[in-house]
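Engineer: Just to be clear, the model below is a prediction. Sequence and coordinates:
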Amino acid sequence: MKKLRLLLAIFAFFPLISQGDEASSGELYPAGFTFAEDQPAGWQALPRGRAFPVLLSDPRDLRLGLRKNNKKEIEADVSAYRSLTGWKGLLWGHETIFHAGIEGAGYFQMRQEGSKFPLQSSDGLVGAYAEMAQGLWMYQFRFTHISAHLSDGLTGQRSHFVYSREFVALRLARQLGVFRPYVGYQYLVNTMPTMGRHSLQLGAYGILPWHWGIVHPYVGGDLRVRNAEEGTTFQLGAGVALVSRSGMPPVRILASYLKGHDLRGQFYREKSEKWTFGLELDI
């Protein structure tokens, strides 16, 4: 309960912690951070990128990833998005970029058995987003469907159940020097099995300025405060980000530690503690 009150206070006063001028380009963003790409004024079809970039420290945000954990399991993430329409202009006296589009992701987990890797579970999501960037501030609305399934690698080993939900999510992020903190709120519109409908998210990541060529140290953390049945989950990650000189999203080699309830839908009642090592490409 104390954690919940703290997160609510941070969410309420988050806009007050920032200082600095508005940014109209990537010049005020440190190396390695993605940001809303510039576009012509007015409405545009199929704009490049997105106004609210993927959050590197969120373990369930969009990315391409391949990791191995200390339980001899292989984790693979496959994701994509496309902004369908965009707008640029002045809103409330500030230059604003708006995007709306669709996104999807699959999260797969396999176990290692010698040279074989039986697939154990798969979680898939598809949704729509509307998001906005004003200088160093980023705002996002999502409507998402997600379902989770057991796969052939667990046939006969455990029973499955129907896991399906639709939710809306609001997130707010701000660039503060070499760190990007964020807060989020999620509400379950529909859920099977039935569970508490509210959850909160708090996190931050940084691509640090010390570097060796394109190699930058990276650190990030994410906290999800959910209902008692799903449980609170915390993840901390660190490693190196290979930063593109052309402004493309970085490639990260990282180690992460997760403690709390399993993020996979078919395992959400179970507590998990694991170390994971691997490669992630943010999109």
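Structural biologist: Thanks, I have it.

Engineer: The residue nearest to the spatial centre of the chain: what secondary structure?
Structural biologist: The centroid of the chain falls nearest to residue 61 when counting by Cα atoms, centre = their mean (2.6 Å). Under DSSP: H, G, I helix; E, B strand; the rest coil, residue 61 falls in the coil class.

Engineer: From here on, call the first residue 893.
Structural biologist: Sure, I'll start counting at 893 from here, so that last one is residue 953.

Engineer: list the contacts for it?
Structural biologist: Residue 953 is in contact with 946-947, counting by Cβ atoms under 8 Å, 6 or more residues apart in numbering. Just so you know, the C-beta spots here come from the backbone N, C-alpha and C atoms, and that holds for glycine as well.

Engineer: what separates it from residue 978, distance-wise?
Structural biologist: From residue 953 across to residue 978, the span is 20 Å (Cβ to Cβ, to the nearest Å).

Engineer: doesn't residue 1151 make contact with residue 1165?
Structural biologist: Yes. Counting by Cβ atoms under 8 Å, residue 1165 touches residue 1151, with 4.8 Å between them.

Engineer: Between these two, tell me which one has more neighbours.
Structural biologist: The residue with more neighbours, out of residue 1165 and residue 1151, is residue 1151; 13 against 10, by other Cβ atoms under 10 Å.

Engineer: who does the host helix or strand of that one touch, helix- and strand-wise?
Structural biologist: Residue 1151 is part of strand 1143-1153 when elements are defined by DSSP states H and E. Here strand 1143-1153 touches strand 1107-1117, strand 1125-1134, strand 1163-1173, going by 3 or more Cβ pairs under 8 Å, 6 or more residues apart in numbering; DSSP states H and E.
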